[in-house]
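Undergrad: sharing a model prediction with you, sequence too.
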Amino acid sequence: MAQSQKRLNYAQQVLSGLAFVGLDLISQQVVAIAAPNPIFTPILPEIREQLPPGVTLRLPEMLPASPFELYPYVKAEADSLTIYLATSPDCESAPNPASCTLGGLGIIGPVDSDDWLNGADSIIPIYLEAGIPAYQVTRGEGRSLNRLIYWEENGYRYGVGALGALVTDEELLAVANSMATQPALTP
């Protein structure tokens, strides 16, 4: 009987140890999942520096594959911050940045109007995985088609968008879901 009790105690210790190791591995995976896409790493200090006071921004971990090497650049205004993804490292200073910009993401706030979807050719109400109401929007047509997803949280409007020829609705939704569930960056 004493031998059985020793085996039971030993088994409980082993299982406790395995549970601890398992929890440690899970927490390490959560940390890895919670990191923004590495493309943003070089501009994280600039994002934090230019982020308006009191505003938080989430950067997606997931970005769809691109046939181009992408270079991010930041544009900030008093109540907004946009991160653009471009095909050249000097796109921001190009005479026509729209010619080398493929898409972007950002935050606008505080939300103070209902006319922000004006000019959209298509507006489809959707929900992000976190249960957040959002809008899947298209503007333009043909080579000028843009796909966008917007949602509101905490009085601010978040958005992601890209040229329609480079991203599907499903890929853009995956980026929006990734962005909406990431930890927030703060100034």
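TA: Looks like it arrived, so ask away.
Undergrad: OK, contacts around Ala180?
TA: 58, 128-130, 132, 151, 153, 158 (CB atoms under 8 Å, 6 or more residues apart in numbering). In this view, the C-beta of every residue, glycine as well, is placed from N, C-alpha and C.
Undergrad: same thing but at 6 Å, please
TA: 128, 130, 132 (CB atoms under 6 Å, 6 or more residues apart in numbering).
Undergrad: now it: closest residue in space, sequence neighbours ignored.
TA: Among residues not flanking Ala180 along the chain, Leu128 sits closest, at 4.9 Å (CB to CB, 6 or more residues apart in numbering).
Undergrad: surely the one you found is in contact with Gln136?
TA: No - at 10.3 Å, Leu128 does not count as touching Gln136 under the criterion of CB atoms under 6 Å.
Undergrad: tell me which stretches of the chain form helices.
TA: 2-33, 44-50, 169-181 (DSSP state H).
Undergrad: looking at those, which one has the lowest mean pLDDT?
TA: Confidence, taken as mean pLDDT, is least for helix 2-33 of the helices of the chain (a mean of 37).
Undergrad: give the bridge partners for Ser122, please.
TA: Beta bridges link Ser122 to Thr138 when assigned by DSSP bridges.
Undergrad: actually Pro72, sorry about that
TA: Beta-bridge partners, per DSSP bridges, of Pro72: Leu85.
Undergrad: pLDDT-wise, which helix or strand of the protein ranks last?
TA: The helix or strand of the chain with the poorest confidence is helix 2-33; it has a mean of 37 (mean pLDDT, DSSP states H and E).
Undergrad: what's the burial count for Ile124?
TA: 12 (other CB atoms under 10 Å).
Undergrad: what's the distance between the nearest residue to it once chain neighbours are set aside and Glu153?
TA: Of all residues not flanking Ile124 in the chain, Gln136 sits nearest, at 4.4 Å (CB to CB, 6+ apart). Taking CB to CB, to the nearest Å as the measure, Gln136 falls 17 Å from Glu153.
Undergrad: ok, Glu49 next?
TA: 23 Å.
Undergrad: of the two, who's got more company?
TA: Glu153 (19 against 11).
Undergrad: who's the more buried one bridged to?
TA: In beta-bridge terms (that is, DSSP bridges), Glu153 pairs with Tyr156.
Undergrad: okay, it: pLDDT?
TA: At Glu153, pLDDT is 86.
Undergrad: related to what we said a few turns ago, most neighbours, which of the contacts of Ala180?
TA: That'd be Leu128 among the contacts of Ala180, by other CB under 10 Å, with 19 neighbours.
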